[in-house]
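1. What follows is a predicted structure for the sequence shown.
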Amino acid sequence: MYRKQSKQLGFDEFYIPFGGYINDDNRWVRLSSLIPWDDLEHTYARSFSTRKGAPSKPFRMALGAVVIQRILGVSDREIVELIAENHYMQYFIGLDAYHDGVPFDSSLLVHFRRRLGDEVIKIVFKLIHKRMRKQFKID
């Protein structure tokens, strides 16, 4: 079952329990602004039943984890550990605060990739590329 996460959290709303702030110049914060999370979520939601099954992980968590993994080129287990250690990556995947611990089991990455599909992942990277070119005025 899928429940839409309707609010995209701003970087100034992310809570860090040990103090500090989210730097808006961080690469994961900048990258998060290039992805149209809400526009892409409907494709992901279609692969779920609306009436049965346990609630799924949010779209931003699924896509965000896959994007981070593709950029860094690490294993499923390693990406979960990296996300657990990094508040910027936790912001990127849509958490509202830093959590000390893994946000999901590494075995879920297989399901994330299958539900997203290669086509959606390709579209996301094309959108990122297009928006980067526009932002930096590259012809």
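-> All right, it came through fine.
2. how far is the helix-or-strand element of the chain with minimal mean pLDDT from where the chain is centred?
-> None of the helices or strands of the chain scores lower by mean pLDDT, DSSP states H and E than helix 37-45, at a mean of 80. In this view, helix 37-45 has its centroid 12 Å away from the chain centroid, taken as CA atoms, centre = their mean, to the nearest Å.
3. Name the residues of that helix that are buried.
-> Of the residues in helix 37-45, 37, 40, 41, 43, 44 count as buried by neighbour count, 16 or more other CB atoms under 10 Å. The C-beta positions use only the backbone N, C-alpha and C, and glycine is treated the same way.
4. ditto for stretch 126-137
-> Across stretch 126-137, burial judged by 16+ other CB under 10 Å covers residue 128.
5. what comes into contact with that stretch?
-> Contacts with stretch 126-137, where a contact means CB atoms under 8 Å, 6 or more residues apart in numbering, come from 31, 34, 35, 36, 138, 139.
6. on that earlier part again, out of the buried residues of helix 37-45, give me the two with the largest separation.
-> 37 and 43 (11.6 Å; CB to CB).
7. Show me what the least confident helix or strand of the chain is packed against.
-> In terms of contacts (3 or more CB pairs under 8 Å, 6 or more residues apart in numbering; DSSP states H and E), helix 37-45 is packed against helix 59-72, helix 108-135.
8. average pLDDT for the longest one?
-> Helix 108-135 comes out with an average pLDDT of 90.
9. and the angle for it with helix 59-72?
-> Relative orientation of helix 108-135 versus helix 59-72 (axes from the mean of the first three to the mean of the last three CA atoms, to 10 degrees): 80 degrees.
10. Work out the gap between helix 108-135 and the centre of the chain.
-> So, by CA atoms, centre = their mean, the centroid of helix 108-135 is 10 Å from its chain's centroid.
11. angle of it against helix 37-45?
-> Helix 108-135 runs at 150 degrees relative to helix 37-45, counting by the same axes, to 10 degrees.
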